[in-house]
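S.K.: Test case, fold it:
(one chain, ligands or ions: 1)
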Amino acid sequence: MENKETIKIQKFIASTGLCSRRKAEDLIQKGYFTVNGEKAILGMRVSESDIVCFKGKNIKEENKEYYLLNKPLGYVCSSKEQFDRPIAVDIIKTKARLVTAGRLDMYTTGAIIVTNDGEIINKITHPKNEIEKEYYVTIKGKIKDEDLQKLENGVYIDTAKYIDTDSEKESIKENNKKYLTKKAKAKILGFNIEKNEQRIALIIHEGKNRQVRKMFKELGYSVLALHRNRFGKFDVKNMKPGTYRELSKKEVEILAKIK
Ligand code: URA
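M.R.: All right, here's what the predicted structure looks like:
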């Protein structure tokens, strides 16, 4: 990640030999390119650490690397950081241009896949794949039984900006711009009497922005700590915060099989 020199995206695409700069401009405007999983914009600047994909394929070939990181507290999941906060992918010692598959917010710790394989990132972050995520949530006080049930059945949260499908669009129109979270599983893990804190496991299959925090906030609970223990089949229960491991060939195959 040392090289932060940037060039215009159309120039970068042309430099890979994929097509001419003019053709690249046309294709960018038609929406064929993404940068780090997001639609590219004509004229935007990219650096060596960005993953530029054409129709989902990384256009600069390099050896693919795959890691499971237990993201520590205070690290951000973006690949560029304007406020000098530490960047999660920089924990991994490699020259590869890595990005996180999806995001955990700065104050959330836990399991996140990190790779330079744009196709895998597209697969595992696509909402249609509904990968299971298990969160451990520490709250102040005790949750009411009825609220545990609400977590499982759905909670209306404010997330109009992050709506993915047409049916979700329809649904939020009917519900005063609020999004109803999908079916989940919630279980009490334990209660610390001295601290008056409870730990709850929540399993969801979606990943709206700051979803877990918003679900608890809507129900009136303050979240003291949030940890993602598991992303799909990948758990970090035996990994210390800030440590990572390479995925095995078999594990990569599991990810590659996702449609
Ligand atoms: N839900 C949150 O509130 N934050 C995360 O980082 C992930 C899920």
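
S.K.: So what's the residue count around Thr159?
M.R.: Neighbour count for Thr159, taken as other CB atoms under 10 Å: 18. Using the backbone N, CA and C atoms, a C-beta is placed for each residue, glycine as well.

S.K.: State the pLDDT value of it.
M.R.: Thr159 is assigned a predicted lDDT (pLDDT) of 76.

S.K.: Would you confirm that it contacts Asn175?
M.R.: No - contact status for Thr159 versus Asn175: not in contact, 11.4 Å apart, counting by CB atoms under 8 Å.

S.K.: quick one: the strands in the stretch 101-250 of the chain?
M.R.: Under the criterion DSSP state E, counting those that start in this stretch, strands of the stretch 101-250 of the chain are mapped to 108-115, 133-140, 156-158, 178-180, 185-192, 197-204, 223-231, 234-235, 244-246.

S.K.: Now do the third one: everything it contacts.
M.R.: Same thing as strand 156-158. Contact partners of strand 156-158, identified using CB atoms under 8 Å, 6 or more residues apart in numbering, comprise 175, 177-181, 208, 211, 214-215, 218.

S.K.: That strand pairs with which strands, and in what direction?
M.R.: Paired strands of strand 156-158, with direction, are strand 178-180 (antiparallel) (DSSP bridges).

S.K.: Just confirm yes or no for the partner strand near the ligand.
M.R.: No - interface with the ligand: strand 178-180 contributes nothing (CB under 6 Å from any ligand atom), its closest point being 13.4 Å away.

S.K.: Buried residues of that strand, list them for me.
M.R.: 178-179 (16 or more other CB atoms under 10 Å).

S.K.: do the same with stretch 82-96
M.R.: Within stretch 82-96, the residues that qualify as buried are 87-89, 91-92, 96, counting by 16+ other CB under 10 Å.

S.K.: Distance across that stretch, terminal residue to terminal residue?
M.R.: Stretch 82-96 has an end-to-end distance of 21 Å (criterion: CA to CA, to the nearest Å).

S.K.: Offset the numbering so it begins at 133, please.
M.R.: Got it, first residue is 133 now, which makes that one stretch 214-228.

S.K.: Figure out how far it is from the centre of its chain.
M.R.: Stretch 214-228 sits 15 Å away from the centroid of its parent chain (CA atoms, centre = their mean, to the nearest Å).

S.K.: What is the neighbour count of Gly322?
M.R.: Applying other CB under 10 Å, we find 9 residues neighbouring Gly322.

S.K.: My guess is it contacts Gln330. True?
M.R.: Yes - Gly322 is in contact with Gln330 according to CB under 8 Å; the separation is 7.3 Å.

S.K.: ok so, going back, now a ChimeraX select for only the buried ones of the contacts of strand 288-290.
M.R.: In ChimeraX syntax, the buried subset of the contacts of strand 288-290 is picked out as below (16+ other CB under 10 Å):
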select :310,311,313,340,343,346,347,350
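
S.K.: Just give me the closest of the contacts of strand 288-290 to the ligand.
M.R.: Using CB to the nearest ligand atom, the shortest approach to the ligand within these belongs to Gln343, at 4.5 Å.

S.K.: I'd like the distance from the closest one to Val184, if you could.
M.R.: According to CB to CB, to the nearest Å, Gln343 and Val184 sit 28 Å apart.

S.K.: The stretch 133-282 of the chain against the ligand: which residues are in contact?
M.R.: Within the stretch 133-282 of the chain, the positions adjacent to the ligand are 236-237, 240 by CB under 6 Å from any ligand atom.
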